[in-house]
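[1] Using only what follows, build the 3D model:
(chains A, B and C)
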Amino acid sequence: MKKSPSQENSFHQRAVQVVKKIPRGRVATYGQIAALAGSPRAARQVVRVLNTASEKEKLPWHRVINREGRVVLKPGRGYELQKALLKDEGVVFDDNGLVDFDRFLWKPRTRKP
DNA sequence: CTCGTGACTCCCG
DNA sequence: TCGGGAGCCACGA
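    Reported below is the predicted structural model:
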């Protein structure tokens, strides 16, 4: 039996599809995307995907943050840009620059409890 | 070809 | 409690 075509893509391609599915006004974590793409520990590859794909495709790379709910970028590296973009979508950061996961964390439609 | 690094995350001592 | 190392995959020098 052949695998489904949607599963034939590489991690890179799958990650792109996942990121594109992030709804506006929501954020996701690297590990989350990596897990959805097939490798729960491939968070680093997600980073590579964002850097590469964001330049060609209109990926919501700014909706991807780390496990802490914080923007991992360094000042001058897109950190302010990401925060500004999220803020423009309605995402709010607290004084520590943390996002409220209870309100903005993207919940993938995997299954109903 | 080999080595190192990267917007990360998890596990173990 | 806190720190360090390993894991994941890709790409540049």
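
[2] where along chain A do the strands fall?
    Taking DSSP state E as the test, the strands found in chain A are A:28-29, A:64-65.

[3] among those strands, which is nearest DNA strand C?
    Each of the strands of chain A was scored for nearness to DNA strand C using CB to the nearest atom of the strand, and the closest is strand A:28-29 (12.4 Å). Just so you know, the C-beta spots here come from the backbone N, C-alpha and C atoms, and that holds for glycine as well.

[4] how far is that closest one from where the chain is centred?
    Strand A:28-29 sits 4 Å away from the centroid of its parent chain (CA atoms, centre = their mean, to the nearest Å).

[5] And for stretch A:68-78?
    With CA atoms, centre = their mean, you get 13 Å for stretch A:68-78.

[6] re the thing from before, who wins for proximity to A:Q17 among the strands of chain A?
    strand A:28-29 (12.8 Å; CB to CB).

[7] hmm, that closest one touching DNA strand C?
    No - figure legend: strand A:28-29 not in contact with DNA strand C (CB under 7 Å from any atom of the strand); closest approach 12.4 Å.

[8] what's the average pLDDT for that strand?
    Averaging the model's pLDDT scores along strand A:28-29 yields 94.

[9] same thing with stretch A:87-102?
    Averaged across stretch A:87-102, the pLDDT comes to 92.

[10] Check which residues of it are buried.
    A:E89, A:V91, A:F93, A:V99 (16 or more other CB atoms under 10 Å).
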